[in-house]
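K.L.:
Sharing a model that was predicted from the sequence below.
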Amino acid sequence: MTLLSCITALTLGVVMIYPPLKLLSDIMLKQEEIEQDILLQQNINRTMELLTRSIREAGYRTSLNSKNESDIQIKQGGLFRGSAAIELMQELPKSLAYDCMGNLLSQERTRGQKTYQHFYLERSRNDPRSAILICQSLDRQGRLHQAELLNQVQYLHINWVNPYAIDTNGLNPKAPTGLIKISLAVQPKSQAARSNTLIEQVRWVAPRHI
């Protein structure tokens, strides 16, 4: 077999093998993107459940004589695109309870006889176009420490709303109405989602003790 014949055979082999290899590679990449999006959706669900649970339990008090009107503080105009932040306090519950990091709430993790949690956005150091959802709570010495809950966040909106305006644009009165609306949007990292597609979730939660 001459050198020309070998080169011709090799070229024909590559031409015939490339399409199925390319198809297999595309399928594997697509599968990886789908798995990443599923994992991201699960992380968003977990984060929203954590946030709504913390809001629901805020304001708990062991005695009706203690005050809890300021145990939920919503702050607007954050550093990342004017995002919202929320500070939550409650007296130490009698039953087992955990903070946003999964730590068991105890007397050591209180300040002024109350537990403390703070959810807010911080601009990502790796991607300035997105933010990280941060949770702060108290350690066993009563000092603030924090953890990252979710990456690639585009906005976080938290507002007191009119409970009868859930299906409309929602009102934002200055006084609490007993219902809080949370809106969270995350930018997926997958190739298929680079056309400015956002994963958005909206939740309404009613604090039990305010």
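P.N.:
Nice, I can see it.
K.L.:
What are the buried residues along stretch 72-80?
P.N.:
72, 74, 78, 80 (16 or more other CB atoms under 10 Å). From N, CA and C alone the C-beta is placed, and that goes for glycine too.
K.L.:
Save those as JSON lines, and put in distance to Glu57, pLDDT and secondary structure too.
P.N.:
Shown next, in JSON lines, are these (distance: CB to CB, whole Å; pLDDT from 0 to 100; DSSP: H, G, I helix; E, B strand; the rest coil):
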{"residue": "Ile72", "distance to Glu57": "11", "pLDDT": "92", "secondary structure": "strand"}
{"residue": "Ile74", "distance to Glu57": "16", "pLDDT": "93", "secondary structure": "strand"}
{"residue": "Gly78", "distance to Glu57": "23", "pLDDT": "86", "secondary structure": "coil"}
{"residue": "Phe80", "distance to Glu57": "26", "pLDDT": "91", "secondary structure": "coil"}
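K.L.:
Closest to Asp139 out of those residues?
P.N.:
Ile72 (22.3 Å; CB to CB).
K.L.:
How about that closest one, nearest residue that isn't a chain neighbour?
P.N.:
Leaving aside its chain neighbours, Ile72 sits nearest to Ala58 (5.0 Å; criterion: CB to CB, 6 or more residues apart in numbering).
K.L.:
Rounded mean pLDDT for the lengthiest strand in the chain, please.
P.N.:
Counting residues, the longest strand found in the chain (DSSP state E) is strand 144-160. For strand 144-160, the mean per-residue pLDDT is 94.
K.L.:
does Glu49 sit in a helix, a strand or a coil?
P.N.:
helix (DSSP: H, G, I helix; E, B strand; the rest coil).
K.L.:
Quick one: neighbours of it, just the number.
P.N.:
Counted with other CB atoms under 10 Å, the neighbours of Glu49 add up to 11.
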